[in-house]
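In: the sequence isn't on hand, but the structure is:
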């Protein structure tokens, strides 16, 4: 996996959020005779662990190309949601440690019980925020699952079409007797099959991305944004506004090394 990809970043943040959720859960689980407000949090933290673990597993083992999933992750800013979930879990752990400083594994102190009752609105607030994060991640899981189903259905349809077109290139006895139409029909089938195979290759291709902002050149300066040398398939590039003036030169995109050298030579 590309260590700089959006997916890799989301997996890393999800792992940290999962660790925070587990730490908070372990704190609550270790409290005997805890008040109801804290006991309810245990269920919420357990569900948070399950959802974060499922997300981590799905992104780690996803068979879909990065070009299918990463635009979705980038668009919905899932990383920010996961950071929020981690922050809420850390806040919860800090609050529990503060509210239960006089309790032990076998006994919940009366003083701490009063403290928890006094701060119950804060605990409810943290639980609600955690539930909101859960719902968001759960929707993302469902969305990625649907994307995967659509991708696999598309790939299967292309595979079936590829097989059909391949079979069409093997003429039947009646087609062999037809001199005028058989050759053209087989040529068409071969052309369509080639297009089908290219489409299948495109759906399986792993895509990378480059994103650039605005660029301005002045006073015979030189600038470039993109890739120089051999062309790279599957690279998604986006550019801002480019402005050149006073005999300056610039380019955006992909360019052959020879053309690049000629463009930037004096």
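Out: Looks like it arrived, so ask away. This structure is a prediction, so every number in the text was calculated from the model and none was measured.
In: so where's the stretch 101-250 of the chain uncertain?
Out: 147-152, 154-155, 157-159, 161-162, 164-213, 215, 218-237 (pLDDT under 70).
In: would you map the helices across the stretch 51-200 of the chain?
Out: Assigned by DSSP state H, counting those that start in this stretch, the stretch 51-200 of the chain shows helices spanning 66-76, 78-99, 110-118, 120-168, 173-177, 179-204.
In: any figure for the gap between residue 27 and residue 124?
Out: 17 Å (C-beta to C-beta, to the nearest Å). The C-beta positions use only the backbone N, C-alpha and C, and glycine is treated the same way.
In: the more surrounded of the two?
Out: residue 27 (20 against 13; other C-beta atoms under 10 Å).
In: quick one: the nearest residue to that one once chain neighbours are set aside from residue 17, how far?
Out: Leaving out its chain neighbours, the residue that sits closest to residue 27 by C-beta to C-beta, 6 or more residues apart in numbering is residue 96, at 5.0 Å. Distance, residue 96 to residue 17, by C-beta to C-beta: 17 Å.
In: so which of the two has more stuff around it?
Out: Just comparing residue 96 and residue 17: by other C-beta under 10 Å the higher neighbour count belongs to residue 17, 28 against 22.
In: what's the separation between the residue lying closest to the more buried one once chain neighbours are set aside and residue 6?
Out: Excluding the flanking residues, the one nearest residue 17 by C-beta to C-beta, 6+ apart is residue 86, at 3.9 Å. For residue 86, the distance to residue 6 (C-beta to C-beta) stands at 18 Å.
In: and for the spatially closest residue to residue 104 that is not a sequence neighbour, the neighbour number?
Out: Nearest residue to residue 104, sequence neighbours excluded (C-beta to C-beta, 6+ apart): residue 32, at 7.7 Å. Residue 32 has 10 neighbours, counted by other C-beta under 10 Å.
In: check residue 240 too.
Out: 13.
In: ok, residue 136 next?
Out: The number of residues packed near residue 136 is 18, by other C-beta under 10 Å.
In: was I right to think it contacts residue 81?
Out: Yes - the pair residue 136 and residue 81 passes the contact test of C-beta atoms under 8 Å, sitting 5.0 Å apart.
In: contacts only, for residue 101.
Out: Contacts for residue 101 (C-beta atoms under 8 Å, 6 or more residues apart in numbering) come out as residue 112.
In: would you mind measuring from it to residue 108?
Out: Taking C-beta to C-beta, one finds residue 101 at 12 Å from residue 108.
In: how about residue 115?
Out: 11 Å.
In: common neighbours of those two, please.
Out: With C-beta under 8 Å, 6+ apart, residue 115 and residue 108 have common neighbours residue 100.
In: count of neighbours near the residue nearest to residue 6 when sequence neighbours are not counted?
Out: Spatial nearest neighbour of residue 6, chain neighbours left out: residue 70 (4.5 Å); criterion: C-beta to C-beta, 6+ apart. Other residues lying near residue 70 total 23 when counted by other C-beta under 10 Å.
In: again with the one 4 residues further on
Out: The burial metric for residue 74, expressed as a neighbour count using other C-beta under 10 Å, is 16.
In: which residues does the nearest residue to it once chain neighbours are set aside contact?
Out: Among residues not flanking residue 74 along the chain, residue 6 sits closest, at 5.4 Å (C-beta to C-beta, 6+ apart). With contacts defined as C-beta under 8 Å, 6+ apart, the neighbours of residue 6 are 66, 70, 73-74, 79.
In: apply 6 Å and report the result again.
Out: Shown in contact with residue 6 (C-beta atoms under 6 Å, 6 or more residues apart in numbering): 70, 73-74.
In: rewinding a little: so the residue nearest to residue 104 makes contact with residue 106?
Out: Yes - between residue 32 and residue 106 there is a contact at 5.3 Å, judged by C-beta atoms under 6 Å.
In: mind listing what's buried in stretch 30-42?
Out: Neighbour counts over stretch 30-42 (16 or more other C-beta atoms under 10 Å) mark 31, 34-35, 37-38, 41-42 as buried.
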